[in-house]
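Chemist: Okay, here's the prediction I keep looking at, along with the sequence it came from:
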Amino acid sequence: EMYQILKKFFYESYHRPSAKLLHLVTLIKKTTYNKKTNIFSERILLLKPPPENLVYYNGFGRIIYLILNSFCALIFNKFFERGANIDFKEKSSKEKKSGDHLMPWPIQAIHEFDSYNEKIDIDFLNKIQKEYFESIDVLLKNEKFKDSEWWKKCRDEFNRLFFSDGNLDIKSLENFRNNISTSAEILNDQNFLNKKNNDRINKFKASLIINLYHKLSEKISLNILRIVSDSKVGENFCLNYRGQRLNQRILRYAYYSSQIKKKTDLKIHNKNLFLDIGGGYGGLTRLLKHIYNKSTFVIIELPELCMLSAYFLKKNFSDKKIGTFTDFKDKNTIVANDLNNYDFVILPQNFMEKFDDDLFDLIINTTSLGEMTDEMQDYYIKNIERCSKNFFYSVNRAEKRTEKYNSRGFYDFAFQKRWTSLIYKFTHTYHIEFLGKKVNKN
């Protein structure tokens, strides 16, 4: 009988010695976790470590993690943490029938819900090619829309990359985020992880992305951090971590989206109108659409990026309706009902002045206002103040930068309206972050 009592104590009871040892190990591990990691037990001296996908590291933990990952990459060409990998052709996690400790369950990473395997209709591709040349012709005839010297160089590169004898190169379009060499940072930064790199170099760089993931967990909503995952459209390379496709840009979009969701009163189930000026290939718009799925998103961009974003968003949302140049070119004024007929609307710069007054619930600009000529910057600020109904979210350099863009910074934005500041801070991206609510004088 004594044997049975001792056996039960040592192997089955809550307070068995192995449970006390696990409690001690968990206490030691806790010194590496940040406040977003829940370490709690209803029973005294019986802490247990949380599943790996629920652990977030503090500064001390991140340093240890980087050291361990660097060591494992250098010696064994592996990641320290289970489940992390750079699989350039990874399988879908949606094939999984049950969950595990390596990733949230059920599947939350948004790339699993993109429609990137759907083939785009050739008529749509012909349409965006035709509109590209039409929109350039319209802009060239208008003295207001002069390109900066920097973008003239980017435009030449774009034509070399995506067109052959004046026709769209479909293969290049399908691979527009795969080892592209260009002056446009929005495409060039897709090469951070690259097949041309040594495996160990890629793993070390991927460790820096993991470090950023955990650093951001202290600043942004975990509900957004858990879903953020880059699309496969464009055939870019990502770190696969916790079932998510991660790179620096998608984590930056996670920060923007979290700030917008936390600091505005826009409801996710409402039909909001968003405008992203300089929305690039549509990466931030894609993430926000997964959060505010009933809203309409408008992108104002250069003709090159209009074409890429139309392709990117159509591939990711094959069942959604996209409005482009042809659908709006004959309108003198664009009102809410015009936009609400679409999920996405993608238009070149001259359409900004066609938007109705007090139209958009949120206008966004992240970094591109600080890359424009003085005239274009003034053009956008004037129209932002005119057609904003509620919020303006800006992440831009503070002061003028002459060596690359020769463009003014946030301190030079010629605001005329009154804005109530909801966010005003210096960000981890070295920009001034501003979220303002427009004060409407009725």
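Modeler: Yep, it's here.
Chemist: show me where the stretch 1-150 of the chain has helices.
Modeler: Here the stretch 1-150 of the chain has its helices, by DSSP state H, counting those that start in this stretch, at 2-11, 17-30, 59-76, 122-140, 149-162.
Chemist: To residue 107, which of those helices lies closest?
Modeler: Among the helices of the stretch 1-150 of the chain, the nearest to residue 107 by Cβ to Cβ is helix 59-76 (24.8 Å). Yep, even glycine has a C-beta here, placed from its N, CA and C like the rest.
Chemist: what inclination does that closest one have with respect to helix 17-30?
Modeler: If you take axes from the mean of the first three to the mean of the last three Cα atoms, to 10 degrees, helix 59-76 sits at 100 degrees to helix 17-30.
Chemist: Against which helices or strands is helix 59-76 packed?
Modeler: Packed against helix 59-76 by the contact rule (3 or more Cβ pairs under 8 Å, 6 or more residues apart in numbering; DSSP states H and E) you find helix 199-217.
Chemist: And the helix it packs on, what does it pack against?
Modeler: Using 3+ Cβ pairs under 8 Å, 6+ apart, helix 199-217 sits against helix 59-76, helix 222-225, strand 239-241, strand 244-246, helix 248-263.
Chemist: Let me have these in JSON lines, adding mean pLDDT, distance to residue 127 and mean neighbour count as columns.
Modeler: Shown next, in JSON lines, are these (pLDDT from 0 to 100; distance: least, Cβ to Cβ, whole Å; neighbours: other Cβ atoms under 10 Å):
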{"stretch": "helix 59-76", "mean pLDDT": "95", "distance to residue 127": "46", "mean neighbour count": "15"}
{"stretch": "helix 222-225", "mean pLDDT": "97", "distance to residue 127": "33", "mean neighbour count": "17"}
{"stretch": "strand 239-241", "mean pLDDT": "95", "distance to residue 127": "34", "mean neighbour count": "24"}
{"stretch": "strand 244-246", "mean pLDDT": "96", "distance to residue 127": "29", "mean neighbour count": "24"}
{"stretch": "helix 248-263", "mean pLDDT": "97", "distance to residue 127": "27", "mean neighbour count": "20"}
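Chemist: Those: which one's closest to residue 120?
Modeler: Checking these against residue 120 by Cβ to Cβ gives strand 244-246 as the closest, at 20.8 Å.
Chemist: before we move on, back to that, let me have the helices of the stretch 1-150 of the chain in TSV, extended by distance to residue 280.
Modeler: As requested, these are exported to TSV (distance: least, Cβ to Cβ, whole Å):
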stretch	distance to residue 280
helix 2-11	58
helix 17-30	40
helix 59-76	29
helix 122-140	16
helix 149-162	12
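Chemist: out of those helices, which comes closest to residue 299?
Modeler: helix 122-140 (12.9 Å).
Chemist: Show me the contact partners of that closest one.
Modeler: 145, 167-168, 170, 173, 303-304, 306-307, 310-311, 314, 324-326, 329, 348-350 (Cβ atoms under 8 Å, 6 or more residues apart in numbering).
Chemist: Kind regards, and thank you for your time.
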